[in-house]
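Q: How does the following fold in three dimensions:
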Amino acid sequence: MVEHTKNPIRIDLNEFKLYIHLKKVQLTLHFNSPSRRFYLSVIALVVNEMKRLGRITSIPLEGHFGLLVLLNETIGGSAGSSHKENLLPRIYRKWKDALPDLEDAPLFKVLGRRKEYDEGIARTYLFAEAEKDSWANLFEYQGSEENLRLKFAIDRVGATLDDVVVVYGDSLDGDAWERFISSLKEKKAEPDERVSEKHGVAVPRLERRRTLLPSRYRWVALLIAIVVVLGAIALAIWKAYLRPASGDVASIERMAFPLPDVPSIAVLPFVNMSDDPKQEYLADGLAEEIINGLSKCPHIVVIARNSTFTYKGKPVKIQQVSEELGVRHVLEGSLRKTGDKVRIGVQLIDALTGRHLFSERYDRELKDILDTQDEITMKILDAVQVKLTAGEDALLRARGAKNLEAYLKLMQARQSMQIHNKENFALARRLTEQAIALDSDYAAAYVMLCRIQLGEVNLGVYKNPREALERAAKLGQKAITLDNSNSLAHSTLGPIHWWLREYDKAIAEAEKAVVLDPNSAFAYHTLAGCLNLACRPQEALPFFKKCLRLSPIPIDPMTLVLQGQSYCQLGQYEEAEASFKKGLQLYGADHLMAHLWLAATYALMAREKEAHAEGAEVMRIDPNFSLESYAKRIPFKDQKVIDNIVSALRKAGLK
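A: Residues are numbered from 1 along each chain as shown. Got it, this is the predicted structure:
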């Protein structure tokens, strides 16, 4: 904790020292080299911004990039590249790992560390764990690399903004910082001078008298000059536009899936840069809406949310995303909401070359966020050279939301549904009903209510599931009446109809969903599932494959189970076993349906010992499991398939 003396934290930009009084220890840290001075100046920048805002908060570096370049190229001695894609990631790494390290002190010298002697051998005084923790806690950050917010968290050591002071010359705080920056600008603007080695005095360069050259030599000199200029221009263009964003690029050979013949993209979850963590739903919703918009285009492959959002909150590299998902392009972004305004930053990266295809910032009113989503979507398609027909353009721009408040309610409902339990679904229902009250013609809200109803049936909320499913079907039809192009409405009606044993209707709805949204993993999951349960497994398997390509992390915990069921119907038991086992690997040992169908598969393969082991797992997870009850619920169209599976489960010891 900080001792409450006058200005217990002092950042001295004259000597590049940081003084801080922690409880039981007074630290003087000397940032004693150009590259080290740069990082003390970054701390001072963050502190100055917090003081200017009047609160201890995270400061986005994006708006201060020009200042960071100035600091790097003056006091920092240009020790590292000033290109955005290099400088910001470097600051991120140092703030995250090096500055918090008080013990090894890689970025500063701890002055006055007393020596002790152990059997005559000198050793450096080691800090207590509490001291090291107090220091490390000062360096908070949000986001990563180019979407970076820094906070010098003095509140964590019991200090206030009044307890920290920035010093330069004889000035303090804001005046000190302004004078410091002005001095750096003056130094950078100084004319080229040479220094007399004898006296250390700057002497202006004398212009040499030109000597007239013969005509032939002047032409040679001119050609050489042209070559040099062209080379410099080429180098500048390469650095500005063609140089890789990082030292690493994705490898086609390492990709988990073959690259498609058309442009392919993964949209990472946007970083919430707002001071309020409750605005996370808005950042998530923006990324998901961009995914939804792109997925309607038939000329591009778009990875589903379920897979890209697994990287949320993780310091992941672009080439890793590219290789794991099998895409060439990766979009990352951030959102900051302040009052009724939003700042959205996006950048699209070609992972095979490391090039930024574009990097844009949008400062907009919150009410314009829907138009901004369209603008970003179209910018992406243009960058990857996708041309749209007039009809495709209209379909991509068909958002449907007319009331901003209704839209925001729906984004909150969507976030609530990410946790599958009765409480979260009840909250999602309330939010969606509020959205409909605000806009009774909002098709997406009726789709959401339809999905909630279906989810609640699966959670066992209703005593009469069939009636609940019929109500869900009416909600889906209402959405389609309002917007027949809504792929998600058709996709959601698919499983409702299969549970109602209306297989032809289920398949028809799923086929419409795929046509409307050719990149929707959920649409392919629905179509494949409908064909599987209609006992058309051979037709189902290609759609399962397409679904898992668009979402390598399955769109639904049942996707791999349904795929395994298709293999079982075809007698391809080894493939079925692999599918069920992958489900267990992804979703854990309590995935009841994966164990249940593994038990049936092993019984059909005459592997009785393994079949009984899987049957025991079923009873462990659900001690009240009843084979008779399950047989009534299996929604296969062909009774022979049901009888075959029930017989196999009996062989596995289930009753």
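Q: how would you label residue 441: helix, strand or coil?
A: Secondary structure, DSSP: H, G, I helix; E, B strand; the rest coil: residue 441 is coil.
Q: Ramachandran coordinates for it?
A: Geometry field for residue 441 lists phi and psi as phi -110, psi 20, criterion degrees, to the nearest 10.
Q: That one: what's its closest spatial neighbour, skipping adjacent residues?
A: Excluding its sequence neighbours, the residue lying closest to residue 441 (C-beta to C-beta, 6 or more residues apart in numbering) is residue 482, at 5.7 Å. All C-beta atoms are positioned from the backbone trio N, CA, C, and that covers glycine.
Q: Now do that neighbour: how many residues are near it, please.
A: The tally of other residues near residue 482 (other C-beta atoms under 10 Å) stands at 18.
Q: so who does it touch?
A: Each residue near residue 482 by C-beta atoms under 8 Å, 6 or more residues apart in numbering is listed here: 400, 441, 442, 443, 446.
Q: try 10 Å
A: Going by C-beta atoms under 10 Å, 6 or more residues apart in numbering, residue 482 touches 400, 440, 441, 442, 443, 444, 445, 446, 447, 489.
Q: so residue 475 touches residue 433, yeah?
A: No - the criterion here is C-beta atoms under 10 Å, and residue 475 misses it with residue 433 at 11.3 Å.
Q: send the alpha carbons of stretch 163-175 over as PDB?
A: Output in PDB follows, covering the C-alpha atoms of stretch 163-175 (Å, rounded to 0.1, in the frame of the first residue of the first chain):
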ATOM      1  CA  ASP A 163      -1.000  11.300  -4.800                       C
ATOM      2  CA  VAL A 164       0.800  11.100  -8.200                       C
ATOM      3  CA  VAL A 165       2.700  14.000  -9.800                       C
ATOM      4  CA  VAL A 166       4.500  14.300 -13.200                       C
ATOM      5  CA  VAL A 167       7.600  16.600 -13.100                       C
ATOM      6  CA  TYR A 168       9.500  18.300 -15.900                       C
ATOM      7  CA  GLY A 169      11.700  21.400 -15.400                       C
ATOM      8  CA  ASP A 170      10.000  23.300 -12.700                       C
ATOM      9  CA  SER A 171       6.500  22.400 -13.900                       C
ATOM     10  CA  LEU A 172       4.100  19.800 -12.600                       C
ATOM     11  CA  ASP A 173       1.400  17.600 -14.100                       C
ATOM     12  CA  GLY A 174      -0.300  18.900 -17.200                       C
ATOM     13  CA  ASP A 175       2.000  21.900 -17.600                       C
END
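Q: and it, average pLDDT?
A: The average of the pLDDT scores along stretch 163-175 is 89.
Q: buried ones in it?
A: 163, 164, 165, 166, 167, 168, 173 (16 or more other C-beta atoms under 10 Å).
Q: now do stretch 361-376
A: In stretch 361-376, counting by 16+ other C-beta under 10 Å, buried: 362, 369, 370, 372, 373, 374, 376.
Q: Same check on stretch 491-505?
A: For stretch 491-505, burial by neighbour count (16+ other C-beta under 10 Å) applies to 491, 492, 493, 494, 495, 496, 497, 498, 499, 500, 503, 505.
Q: Need the residues touching each of residue 475 and residue 433.
A: 445, 448, 449, 452.
Q: Please identify which of the residues you listed is nearest to residue 69.
A: residue 448 (45.7 Å; C-beta to C-beta).
Q: right, and that closest one touches residue 492 too?
A: Yes - Residue 448 is within contact range of residue 492, at 9.3 Å (criterion: C-beta under 10 Å).
Q: Need the overlap of contacts for the two.
A: Common neighbours of residue 448 and residue 492 (C-beta under 10 Å, 6+ apart) are 475, 479.
Q: distance of residue 648 from residue 601?
A: Per C-beta to C-beta, to the nearest Å, residue 648 is found 8 Å from residue 601.
Q: Likewise for residue 489?
A: As judged by C-beta to C-beta, residue 489 and residue 601 stand 35 Å apart.
Q: Can you pull the poorly scored residue ranges out of this protein?
A: Counting by pLDDT under 70, the chain has low-confidence residues at 1-7, 23-24, 79-80, 113-126, 144-146, 188-248, 388-400.
Q: What sits closest to residue 91 if chain neighbours are left out?
A: residue 42 (6.2 Å).
Q: wait, residue 576
A: Per C-beta to C-beta, 6+ apart, closest to residue 576 is residue 567, 3.7 Å.
Q: Please name the bridge partners of the nearest residue to residue 13 once chain neighbours are set aside.
A: Sequence neighbours aside, residue 168 is the residue nearest to residue 13 in space, at 4.3 Å (criterion: C-beta to C-beta, 6+ apart). For residue 168, the beta-bridge partners are residue 171 (DSSP bridges).
Q: Provide a list of residues in contact with residue 127.
A: Contact analysis of residue 127 by C-beta under 10 Å, 6+ apart lists 22, 25, 27, 102, 103, 105, 110, 113, 133, 134, 135.
Q: I'd guessed the fifth one sits against residue 133; true?
A: No - using C-beta under 10 Å, residue 103 makes no contact with residue 133, being 11.1 Å away.
Q: picking that back up, out of residue 648 and residue 601, which sits in the more crowded spot?
A: residue 601 (28 against 20).
Q: Please, where are all the helices along the stretch 501-650 of the chain?
A: Taking DSSP state H, counting those that start in this stretch to define them, one finds helices in the stretch 501-650 of the chain at 503-516, 521-533, 537-550, 559-569, 573-587, 592-604, 608-621, 627-633, 639-651.
Q: what's the answer for the stretch 51-200 of the chain, then?
A: 65-73, 84-93, 129-136, 173-189.
Q: closest one to residue 539 among these?
A: Per C-beta to C-beta, nearest to residue 539 of the helices of the stretch 51-200 of the chain: helix 84-93, 46.7 Å.
Q: Okay, angle between that closest one and helix 65-73 too, please.
A: Counting by axes from the mean of the first three to the mean of the last three C-alpha atoms, to 10 degrees, helix 84-93 lies at 80 degrees to helix 65-73.
Q: Could you export the buried residues of stretch 361-376 as a markdown table, including distance to residue 269 and secondary structure?
A: As requested, the buried residues of stretch 361-376 are exported to a markdown table (distance: C-beta to C-beta, whole Å; DSSP: H, G, I helix; E, B strand; the rest coil):
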| residue | distance to residue 269 | secondary structure |
| --- | --- | --- |
| 362 | 18 | strand |
| 369 | 16 | helix |
| 370 | 19 | helix |
| 372 | 17 | helix |
| 373 | 15 | helix |
| 374 | 20 | helix |
| 376 | 15 | helix |
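Q: closest to residue 154 among these?
A: residue 362 (32.6 Å).
Q: which one is the closest one nearest to, not counting chain neighbours?
A: Spatially, and ignoring its direct neighbours in sequence, residue 362 is nearest to residue 344 (4.4 Å; C-beta to C-beta, 6+ apart).
Q: circling back to that earlier point, next up, the contacts around the residue nearest to residue 576.
A: 532, 537, 540-541, 544, 573-580, 597, 601.
Q: still on that earlier bit, cross the contacts of residue 127 against strands and list the overlap.
A: Counting by DSSP state E, the contacts of residue 127 place 22, 25, 27, 110 in strands.
Q: Could you measure from the first one over to residue 31?
A: Relative to residue 31, residue 22 is positioned 18 Å away (C-beta to C-beta).
Q: Pick out whichever of the two has more residues nearby.
A: residue 31 (24 against 21).
Q: Wait, that one touches residue 94, no?
A: No - contact between residue 31 and residue 94 fails when scored by C-beta under 10 Å: they sit 11.7 Å apart.
Q: Overlap of the contact sets of those two?
A: Contacts common to residue 31 and residue 94, judged by C-beta under 10 Å, 6+ apart, are 38, 39, 107.
Q: neighbour-wise, which of these leads?
A: The shared contacts of residue 31 and residue 94, ranked by neighbours (other C-beta under 10 Å): first place residue 38, 27 neighbours.
Q: Give me the nearest residue to residue 347, chain neighbours excluded.
A: residue 359 (4.0 Å).
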